[in-house]
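> Coordinates only, no sequence provided:
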């Protein structure tokens, strides 16, 4: 009978210890988070060159933070990595300029970035003439 009581007491102590450990983990998460809600974030600054891994600095009142970020190396650097656009199809080739154009409408501005509502991009016209005879005998 004493062995059963001892086992029951041991089980209750173990249960209380695991419950306390769970509470401590939850409290740590709350302490690490900031109460500030008006963060101002700067642009993503790559660690080297003009693309790849980097960081962005944020400030709120007296607090400051750094977040990891990434600028894709094939990204249109002119628009910035924080401005996301939905682009139309390419227009026809202009015989006068030798370029084709398309426009993009702002879809999303990340980290309160200052983005243009509409952007225009151009690229040189292809000098190749595409034939539909590929794969046909």
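Looks like it arrived, so ask away. Bear in mind the structure is a predicted one, so any value in this text is a computation, not a measurement. Residues are numbered from 1 along each chain as shown.
> List the buried residues in the strand ranked longest in the chain.
Secondary structure of the chain per DSSP state E: the longest strand is strand 99-109. The neighbour-count check on strand 99-109 (16 or more other C-beta atoms under 10 Å) flags 100, 104 as buried. All C-beta atoms are positioned from the backbone trio N, CA, C, and that covers glycine.
> Show me what it is packed against.
strand 83-87, strand 118-124 (3 or more C-beta pairs under 8 Å, 6 or more residues apart in numbering; DSSP states H and E).
> so who does residue 94 touch?
By C-beta atoms under 8 Å, 6 or more residues apart in numbering, residue 94 lies in contact with 100, 101, 125.
> And the strands in this protein, which stretches?
In the chain, the strands defined using DSSP E lie at 40-41, 45-46, 52-60, 63-71, 83-87, 99-109, 118-124.
> returning to that earlier point: okay, now the sheet partners of the longest strand of the chain, with direction.
Strand pairing for strand 99-109, using DSSP bridges, gives strand 83-87 (antiparallel), strand 118-124 (antiparallel).
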